[in-house]
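In: This is a predicted model, with the sequence first.
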Amino acid sequence: MKVAVAGLGFMGLTHLKAYNRIEGVEIAGVASVDPKALSGDFSHIGGNLDISGPALDISSAAKFEDPLACVRMPGVDAVDLCLPTNLHASVAIEALEHGKHVLVEKPMALNETETTRMMDAAKASGRILMSAQVLRFMPVYKALIDAVESGKFGRVHHALFRRRCSAPGWSAWLTDKSLSGGGVFDLLIHDIDMMMVCFGIPDSVRSWGHEDLARGIDTITSQFEYPGSGAVTVTGGWHHPKAYPFSMEYTVVGENGVMDFSSEGRPVRWFDNDGTATEVELSDVDGYQAEIEYFVDCCRTGRQPGRCSSESSAAAVRIAKTAEAARSKKGESVPCQL
C-alpha cells in the first residue's frame, strides 16, 4: 500500500513514524513548505508530545511543496493530511476526486459547510474519509468509552473533560485563527469529540471564557446539557503564552461510581460507591500507532471507519463551533441539536 503524507510538522512526523512500523506500507510521497523537513532533517520539529525514535528515511519518496500536487500522485492508494486546518477541505476533496483514501488530522475542517463538502466527495468517490481523532484509540480514553458502553456507570450524573497548555510555539499557523480555528477549537475538539462518543449530541450549551490570541490566550468553560441527565463540562484551552504545561484529564460521575484520570499523575481509576478505588488495567498500545493501523486496515479492506466515522467527526466540528459561539453570549443557553 502506497501512502503520501502532506504536512511534515509535529503531527506529520508522528504519522510517518507510525506508517514506518506497518509491514507493506510505503511512503511514496511527502509534501511540505519546509525545505529542511523535505530534505529529511526533522531535528527542528517540536510539539507537546515526545516524538523521539529511530531516524526516518524519506529519500525514496517524491517531494512536493504543493500538497495538491502531492495528493494527485498516480499509484498512491491513500493520503494523510497533516496540514493547517484551513487547507483540509480543499486538499481532501482533491485527493478523493483523484481516487485516494484520506486520513485528515483533527479538526476535520474549519466549519460544517466544509465537512459536508468533504463527506459528499467521499461518497461520490467511494473512498475512505477518516478524521484523526486519536483519543478514541488512546488506552486511557478507550477505558472510559468501554465503561460507558458496558453500562458500568449506570445513569451518568456529571462529567468533566479538561485539556490545557500554553499557546503552541512550534507552528505559527496554529495561533492564526483564520488558519487553525483558534486554540479552543483546535485543542478542545478532542474533548468535545470524546464527550459525544460517550454521551451523544447534547441538547444545548452555555459557555464562558476569554480570547486574546495576540497574547496566546484562548480559554473556555462550556456546560453541555443532556436530556434526562446532568451536565457535561468541557474546559481548558491555551492558558498562557509560554511554559504552561500540557495536561489532560476527565472525571465521570455515575450512579454506580466514578472514573477519573489525569495526565498529571492520576492513573485511570474506578471508585465504587463503597469507597473502593481500583486502578483500571490498560493496554500498552500507542494511540497514534493504533489510529494509523486502523486507517490502513480500512483502506486495505474497504471497510468504512465506523470507529471514527467522518459523520461523527463532522458533528464534533459543528458542536465545537456552537460552544465557541456561545462564549460571546456569556452563559446564555444555545441549542446544539439540528
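Out: Yes, it's here.

In: Can you dump the C-alpha atoms of stretch 258-270 in PDB for me?
Out: Taking Å, rounded to 0.1, in the frame of the first residue of the first chain, the C-alpha atoms of stretch 258-270 are listed here in PDB:
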ATOM      1  CA  VAL A 258     -16.700   7.400  39.400                       C
ATOM      2  CA  MET A 259     -13.900   7.000  36.800                       C
ATOM      3  CA  ASP A 260     -11.100   9.500  37.000                       C
ATOM      4  CA  PHE A 261      -7.800  10.200  35.100                       C
ATOM      5  CA  SER A 262      -5.300  13.000  34.800                       C
ATOM      6  CA  SER A 263      -2.000  13.100  32.900                       C
ATOM      7  CA  GLU A 264      -0.700  15.000  35.900                       C
ATOM      8  CA  GLY A 265      -0.100  11.900  38.000                       C
ATOM      9  CA  ARG A 266      -3.600  10.300  38.400                       C
ATOM     10  CA  PRO A 267      -3.900   6.900  36.600                       C
ATOM     11  CA  VAL A 268      -7.300   5.700  35.400                       C
ATOM     12  CA  ARG A 269      -9.100   4.600  38.500                       C
ATOM     13  CA  TRP A 270     -12.600   3.400  39.300                       C
END
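
In: got a list of contacts for that stretch?
Out: Identification of contacts with stretch 258-270 by CB atoms under 8 Å, 6 or more residues apart in numbering yields 140, 143-144, 147, 152-153, 245-252, 257, 271, 277-280, 282. From N, CA and C alone the C-beta is placed, and that goes for glycine too.

In: Just the mean pLDDT for stretch 6-14, thanks.
Out: For stretch 6-14, mean pLDDT rounds to 94.

In: Report the secondary structure state of Asp218.
Out: strand (DSSP: H, G, I helix; E, B strand; the rest coil).

In: helix, strand or coil for the residue with the largest distance to the centre of the chain?
Out: Relative to the mean C-alpha coordinate of the chain, counting by CA atoms, centre = their mean, the farthest residue is Asp274 (36.0 Å). Judged by three-state DSSP, the three-state class of Asp274 is coil.

In: pLDDT at it, what is it?
Out: 93.

In: Quick check: strands, which of the contacts of stretch 258-270 are part of them?
Out: Counted as lying in strands by DSSP state E, out of these, are 247-252, 257, 271, 277-279.

In: Which of those residues are buried? Put it as a ChimeraX command.
Out: Selection of buried members from the ones in strands among the contacts of stretch 258-270 for ChimeraX, criterion 16 or more other CB atoms under 10 Å:
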select :247,248,249,250,251,252,257
